[in-house]
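Novice: Sharing a sequence plus its predicted fold:
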2 protein chains.
Amino acid sequence: MEYIEIYKCLCERTRLRILNLLRDGPLCVCHLHEILGEAQPNVSKQLAYLRDRGAVESERHNTWIMYRLPGRRHPILEKNLRCLQDVAREDGVFRRDLAHRAAVVRRIARTREGCPEEVAGGKCC
Amino acid sequence: MEYIEIYKCLCERTRLRILNLLRDGPLCVCHLHEILGEAQPNVSKQLAYLRDRGAVESERHNTWIMYRLPGRRHPILEKNLRCLQDVAREDGVFRRDLAHRAAVVRRIARTREGCPEEVAGGKCC
DNA sequence: GAGGAATATTCCGGAAATGGAATATATCGA
DNA sequence: TCGATATATTCCATTTCCGGAATATTCCTC
C-alpha cells in the first residue's frame, strides 16, 4: 500500500504548493523559498519529505540544488498532479504562486542570476 | 484548499480500505468491522473521520447505520475513487477485502440477517 | 583557509492522529 | 423496564507532524 505515502505527500498545504510549482519545471530551494514566502528550513524539510517518498527528485549544481518532478511517477501521483493542474485554475493560492513563479523566472532570465547551468540549458527556473 | 482534507482522508490504510469497499455499495459498521478485521471502535472512528470531511454519508436503519459514498462528491475524491478501482485489481489487500465483502453479501442474502430494509431494497451489503 | 551563499539538520513545543481499552448511547424486542 | 445488539465516544499513551529558531554542512571564491 505504497500509495498511502503518496497521499501523505499531498495532504499538506506547503507540499501541495511545491508540487504545483514544480509542474511548470524545476526550481531551486531559494526560489521556492522566495515564491512560497515560507521559511527556508520549512521548505527544505518539506522537500526532504517529498524526496524521501519519491514525489520529487533533486540534483546539485554548485551551491544550488534543483528540485523537479521525477521522470517516472507513480500513476496515482501522476493523476493527482493532473488534478492539480485543473484545480490551479480556480484556486487563488495556486494561481498566485504560478504568477509569482513566472515573475521570478523572468527576472532570472533578465539578470542572469542563479542556477546558471539550468538557465543556460533552458531547463530551470 | 479544502482538497487537503480529502487527501487526509486518503492517506490512512483503514480509511482507504473502507472507501474501496464502499465503492461496491453501502455497508453497515458491523460488516465493515467484520470484513476489515479491525476493532469496532477504530472502524467507527475512521468512519466519523470520513463523514466529518464529506467523504462518506450515513443513514440510520433501526440499530444499523449504513455508510455509503456521497452522491455528489468532490472532483478530487471522485477521481481518486476511480484510481482506487484500478489499484484494487493489483493490490492484495484490496482484492481480498472485496472478495470478503462479496462473501458477506452472499451470506446476508442467504440468511436474511441484518440491515433488512437495505437488503430488501437491494441497496445494501 | 576564511568568508559567504545555499541548503540541510537538529532541537523544541504544540497540535493532530493512531490504536487499544473501557464505557456510553441508542434501538429493538421480550 | 431489561437485556441484547449495534454503534459512538472517551480516555490514555504513543507517534507523527508542523513551524520556528538556531546551528551545521556544503560548495564556491578570494
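Specialist: Now that the structure is in, tell me what you want to look at. Numbers count the residues shown, from 1 in each chain, chains lettered A, B, ... in the order given.

Novice: use CA for all of it now, contacts and neighbours both
Specialist: Noted.

Novice: Chain A: helices as residue ranges?
Specialist: When assigned using DSSP state H, the helices of chain A occupy the ranges A:3-10, A:13-22, A:29-36, A:40-52, A:75-90, A:92-111, A:116-121.

Novice: Check these for me: which has the lowest mean pLDDT.
Specialist: Ranked by mean pLDDT, these end with helix A:116-121 in last place, scoring a mean of 42.

Novice: Of all the helices of chain A, which one comes closest to B:R53?
Specialist: Distances from B:R53 to each of those were compared using C-alpha to C-alpha; the shortest belongs to helix A:3-10, at 15.6 Å.

Novice: Return the residues in contact with A:R89.
Specialist: Neighbouring residues of A:R89 by C-alpha atoms under 8 Å, 6 or more residues apart in numbering or on different chains: A:R95.

Novice: Check the spacing between the spatially most central residue of chain A and chain B real quick.
Specialist: If you average the C-alpha coordinates of chain A and look for the closest C-alpha using C-alpha atoms, centre = their mean, you land on A:L22, 3.2 Å from that point. Using C-alpha to the nearest C-alpha, to the nearest Å, one gets 18 Å for the distance from A:L22 to chain B.

Novice: I figured that residue was touching A:S58, is that so?
Specialist: No - here A:L22 does not reach A:S58: they are 11.6 Å apart, not a contact under C-alpha atoms under 8 Å.

Novice: Show me whatever sits in contact with both of the two.
Specialist: In contact with both A:L22 and A:S58: A:Y67, A:R68, using C-alpha under 8 Å, 6+ apart.

Novice: how about the helices of chain A in JSON lines, adding distance to DNA strand C?
Specialist: Shown next, in JSON lines, are these (distance: least, C-alpha to the nearest atom of the strand, whole Å):
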{"stretch": "helix A:3-10", "distance to DNA strand C": "9"}
{"stretch": "helix A:13-22", "distance to DNA strand C": "13"}
{"stretch": "helix A:29-36", "distance to DNA strand C": "3"}
{"stretch": "helix A:40-52", "distance to DNA strand C": "4"}
{"stretch": "helix A:75-90", "distance to DNA strand C": "19"}
{"stretch": "helix A:92-111", "distance to DNA strand C": "12"}
{"stretch": "helix A:116-121", "distance to DNA strand C": "11"}
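
Novice: Out of the ones you listed, flag the one nearest DNA strand D.
Specialist: Nearest to DNA strand D, of all the helices of chain A, is helix A:40-52, at 5.1 Å by C-alpha to the nearest atom of the strand.

Novice: Chain B contacts on chain A?
Specialist: Applying C-alpha under 8 Å from any C-alpha of the partner chain, one finds that chain A approaches chain B through A:1, A:4-8, A:10-13, A:76, A:80, A:83, A:91.

Novice: hmm, which two among the residues you listed are most spread apart?
Specialist: For those, with distances taken as C-alpha to C-alpha, the pair at the greatest spread is A:M1 and A:D91 (30.0 Å).
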